[in-house]
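S.K.: Let me see the structure of the following:
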Amino acid sequence: MDGRGAWRDNIFIERFWRTTKYEEVYLKAYDSVPEARKAIGKFIAFYNQKRPHSSLDRNTPDQAYCKHPQPITQAAA
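M.R.: Down below sits the predicted model:
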């Protein structure tokens, strides 16, 4: 981005980082950078796979955006 985008271009990532800070980072005192990376990685997995979001009709982001199609059982003729 060149810095000229509208505010709404960044709204999703800004909300994500705000949630990460308030629900994970500010609540813990990490002893090292590797420990912080591991804990934040676990939080991101939780955020995407288990935490329901009101804006997604109480679904997780994985449920809302990663819908896997049914496997193809027969090749096209």
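S.K.: which helices and strands does the host helix or strand of residue 62 pack with?
M.R.: Using DSSP states H and E, residue 62 sits within helix 61-65. Contacts defined by 3 or more Cβ pairs under 8 Å, 6 or more residues apart in numbering; DSSP states H and E place helix 61-65 against helix 33-49. The way it works is simple: take the backbone N, C-alpha and C, and place the C-beta from them, glycine included.
S.K.: in the helix it packs on, what's buried?
M.R.: Under the neighbour-count criterion of 16 or more other Cβ atoms under 10 Å, helix 33-49 has 40, 43, 47-48 buried.
S.K.: which one of the residues you listed sits closest to residue 33?
M.R.: residue 40 (10.4 Å; Cβ to Cβ).
S.K.: ok, and the closest non-adjacent residue to that closest one?
M.R.: Computed as Cβ to Cβ, 6 or more residues apart in numbering, the closest residue to residue 40 that is not its neighbour in sequence is residue 24, at 6.1 Å.
S.K.: And the one you found, its phi and psi?
M.R.: Main-chain dihedrals, residue 24, degrees, to the nearest 10: phi -130, psi -60.
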